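Novice: kindly return the folded structure for what I paste below:
(one chain, ligands or ions: 1)
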Amino acid sequence: MSKPNSQRPFHVIIVGASIAGLTLAHCLSNTGIDFTILEARSDTYPDGAGLAILPNGARILDQLGLYQDVLDQGQCMVSHSTWLETGHLLRRVDAGRIRSFGRFDYPVLVIARRALLGILYTRLQSSRLFFNRRVVRIVSSSDNVTVYSADGMSVSGDLVVGADGVNSIVREQMWHHIRETNGAVASSRWFSEVPLTDSFAGVFGIAQSIPGLKKGDVHRTYGHGWLTVIMVGADSRVCWFMSITRTMMPVLIPRHTSDRAYVSRIVEPFLKKHVTSDVTFGEVFNRSESCVVASLEEGFQNRWSWGRFVGIGDAVHKMAPNIAEGANCAIESAASLANHLVFFARGSTPLYTEDRLTAMLKAWEDSRKRRTRGLFLISQCAVRIEAATSWVLKLNQVFLAHFHGTGIGLLTSITSRTARVDYLPLPLPQQSSTQQVLEKKEHESGWNWQVIILPLAAATSLMFHVLHALVL
Ligand SMILES: Cc1cc2nc3c(=O)[nH]c(=O)nc-3n(C[C@H](O)[C@H](O)[C@H](O)COP(=O)(O)OP(=O)(O)OC[C@H]3O[C@@H](n4cnc5c(N)ncnc54)[C@H](O)[C@@H]3O)c2cc1C
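Specialist: You can find the predicted model right below:
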């Protein structure tokens, strides 16, 4: 039996030390909440892809004192160009024009995923982070939750947070727990784990610099059934990814592989396609230091928490990478969950009972879902239009390309719904002289967001679903 709640700090067990898990740990540091992080991997971070850090993620990293490091190792976006696979330019937008669209704070920043994880990890300096601890089982009781790892170790706490990515063991164990303890609820048709879809495969990597691809430039290219996004980061290194419609894939692909020979076979049909007027995809691929083929699952869970279980990041809202919101939303979810946890643990009733936790987590989940679901739907539409095979959807690519400047501006605007760490001050440059303007603008841009982006998203979404039913 654990000590009575009032005699010890609230203890959170975080499963997964990637973007969501490490951000949550930073948010909980110095709050009086204890945390333990269990990570399946060793302490070396795999190469992976590049990430675009958008203002919503950047502001939280700034509050946590990490933004300067990210800025030092990243590269601000200079321009965004959209191409057809023939090398025909559809549209080029300068970042300055995008930034001026109602957003006056953070630039779009390109950084290698490994570099971002390195910053989050080294700056955490926690003795409570354990690598090589793959979680295999979780048992929740009315008193506490115990998390078991494959090495035979276990740790108990008040709450387990699944920051363990798309194939989350915490999500799986939460549903197992619901079935065991609430069979009737779990058998409801509307209350179940949402299966992931994998209509697209992703190929991604990082290449050495390529003449013709300039630092800070982002190139987006539409092909027949595929899309590439190329972001030129610091040191002119080229972060790239390709989404390919499953129906274009000759073979069933594994969930994740970095076997070079295998990846080469997958990209072979695309090597001669243009990613800009002067550069072919083959040139990018041949200069790649790392490359991976992976399934690009999508899934928005209806239920993010239950009892002593909760999920954040890809574990509950896994979106296609086209709109570059997956990691940024993971950062937002971590910060907003931390807000609720801190408020809960500092509350006047120092009892960490399952009932109180359930109510608090449900309130958090409800507060986050609307914004995240909107971004999820937009990413779903975007990937289907951008990697379309049908000519009707392809017509929309031209519309999207012309809408990109506005679209990026709107999607990356900080609004009143954008999460931040409520108990930390807003960073000074934005705060000092312009705080009132900032808050007013946040309010206004929240209004603009709803007035402009929601009808657009609804129209695009409706259009997609109608077209999907008629054409695909
Ligand atoms: C090609 C590509 C490009 C992308 N580009 C962008 C972008 O530009 N901007 C953006 O915002 N997002 C982007 N994303 C999405 C982004 O990478 C993810 O949304 C983000 O990594 C999610 O973070 P996470 O912490 O939730 O999960 P993950 O990063 O998947 O981390 C999960 C962690 O949990 C660990 N884990 C898993 N199972 C266990 C277990 N049983 N026990 C212990 N630990 C476990 C894993 O080892 C891992 O460290 C991109 C994704 C891809 C594939």
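
Novice: so who does residue 215 touch?
Specialist: The neighbourhood of residue 215, defined by Cβ atoms under 8 Å, 6 or more residues apart in numbering, consists of 75, 78, 232-234, 236. For the C-beta atoms, the positions are set from N, CA and C on the backbone; glycine is no exception.

Novice: just give me the closest of those to residue 48.
Specialist: residue 233 (12.7 Å; Cβ to Cβ).

Novice: which secondary element of this structure has the worst mean pLDDT?
Specialist: helix 435-448 (a mean of 40; mean pLDDT, DSSP states H and E).

Novice: can you tell me what sits against stretch 62-79?
Specialist: Applying Cβ under 8 Å, 6+ apart, the set of residues contacting stretch 62-79 is 23, 26-27, 52-53, 58, 61, 92-95, 98, 106-112, 115-116, 119-120, 123, 214-218, 231-234, 335, 420-421, 424-427.

Novice: I'd like to know which of the residues you listed are buried.
Specialist: By neighbour count, with 16 or more other Cβ atoms under 10 Å, those hold 23, 26-27, 52-53, 58, 61, 93, 95, 98, 106-112, 115-116, 119-120, 215-218, 231-234, 335, 420-421, 424, 426-427 as buried.

Novice: from the residues you listed, which land in helices?
Specialist: 23, 26-27, 58, 61, 95, 98, 115-116, 119-120, 335 (DSSP state H).

Novice: state the phi and psi torsions of the residue of the stretch 151-300 of the chain found nearest the ligand.
Specialist: Proximity of the stretch 151-300 of the chain to the ligand (Cβ to the nearest ligand atom) peaks at residue 165, 2.8 Å away. Phi and psi for residue 165, reported as degrees, to the nearest 10, are phi 80, psi -170.

Novice: quick check: closest non-adjacent residue to it.
Specialist: Nearest residue to residue 165 in three dimensions, chain neighbours excluded: residue 314, at 4.8 Å (Cβ to Cβ, 6 or more residues apart in numbering).

Novice: same question, residue 236
Specialist: residue 209 (3.5 Å).

Novice: same question for residue 74.
Specialist: Residue 74's closest residue in space is residue 111 (Cβ to Cβ, 6+ apart), at 3.7 Å.

Novice: just to be sure, residue 297 is in a helix?
Specialist: No: assigned with DSSP: H, G, I helix; E, B strand; the rest coil, residue 297 falls outside any helix and is strand.

Novice: who's in contact with the closest residue to it other than its chain neighbours?
Specialist: Closest residue in space to residue 297, ignoring its immediate chain neighbours: residue 196 at 4.1 Å, by Cβ to Cβ, 6+ apart. Taking Cβ under 8 Å, 6+ apart, we find residue 196 in contact with 166, 297-299, 318.

Novice: what is the neighbour count of the nearest residue to residue 168 once chain neighbours are set aside?
Specialist: Among residues not flanking residue 168 along the chain, residue 315 sits closest, at 3.7 Å (Cβ to Cβ, 6+ apart). Other residues lying near residue 315 total 30 when counted by other Cβ atoms under 10 Å.

Novice: doesn't residue 166 make contact with residue 315?
Specialist: Yes: in this structure, residue 315 is within contact of residue 166 by Cβ atoms under 8 Å, at 7.1 Å.

Novice: host element of residue 174?
Specialist: Secondary structure assigned from DSSP states H and E places residue 174 in helix 169-181.

Novice: report all helices and strands that that helix contacts.
Specialist: strand 135-140, strand 159-162, helix 183-186, strand 305-306, strand 309-311 (3 or more Cβ pairs under 8 Å, 6 or more residues apart in numbering; DSSP states H and E).

Novice: repeat that with 6 Å
Specialist: Applying 3 or more Cβ pairs under 6 Å, 6 or more residues apart in numbering; DSSP states H and E, one finds that helix 169-181 makes contact with strand 135-140, strand 159-162, strand 309-311.

Novice: now those as a markdown table including mean pLDDT?
Specialist: Output for the helices and strands packed on helix 169-181, formatted as a markdown table (pLDDT from 0 to 100):
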| stretch | mean pLDDT |
| --- | --- |
| strand 135-140 | 98 |
| strand 159-162 | 98 |
| strand 309-311 | 98 |
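
Novice: now those as JSON lines including mean neighbour count and distance to the ligand?
Specialist: Shown next, in JSON lines, are the helices and strands packed on helix 169-181 (neighbours: other Cβ atoms under 10 Å; distance: least, Cβ to the nearest ligand atom, whole Å):
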{"stretch": "strand 135-140", "mean neighbour count": "19", "distance to the ligand": "4"}
{"stretch": "strand 159-162", "mean neighbour count": "30", "distance to the ligand": "9"}
{"stretch": "strand 309-311", "mean neighbour count": "28", "distance to the ligand": "9"}
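
Novice: and those strands as CSV, adding distance to residue 395?
Specialist: CSV is the format used below for the helices and strands packed on helix 169-181 (distance: least, Cβ to Cβ, whole Å):
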stretch, distance to residue 395
strand 135-140, 47
strand 159-162, 40
strand 309-311, 38
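
Novice: spatially central residue in this protein, please.
Specialist: residue 326 (1.8 Å; Cα atoms, centre = their mean).

Novice: do you know the pLDDT at it?
Specialist: Looking at residue 326, its pLDDT reads 97.

Novice: before we move on, the earlier item: among the ones in helices among the buried ones among the contacts of stretch 62-79, show me the least confident.
Specialist: residue 98 (72).

Novice: point out where the chain drops to low pLDDT.
Specialist: 1-7, 99-104, 184, 186-187, 189-190, 250-251, 428-472 (pLDDT under 70).

Novice: show me which residues of it sit near the ligand.
Specialist: With Cβ under 6 Å from any ligand atom as the criterion, the chain meets the ligand at residues 15-21, 38-41, 49, 51-52, 134-135, 163-165, 169, 202, 204, 241, 313-315, 321, 324-328, 330.

Novice: before we move on, back to that, now do the contacts for the residue nearest to the centre of the chain.
Specialist: residue 319 (Cβ atoms under 6 Å, 6 or more residues apart in numbering).

Novice: got the phi and psi for it?
Specialist: phi -50, psi -60.

Novice: for the longest helix seen in the chain, name the packing helices and strands.
Specialist: The helix that spans the most residues within the chain, counting by DSSP H, is helix 354-386. Judged by 3+ Cβ pairs under 6 Å, 6+ apart, the packing partners of helix 354-386 are helix 326-345, helix 391-411, helix 454-471.

Novice: the same query, at a cut-off of 8 Å, please.
Specialist: strand 288-300, strand 305-306, strand 309-311, strand 317-318, helix 326-345, helix 391-411, helix 454-471.

Novice: which of these sits most buried?
Specialist: strand 309-311 (a mean of 28; mean count of other Cβ atoms under 10 Å).
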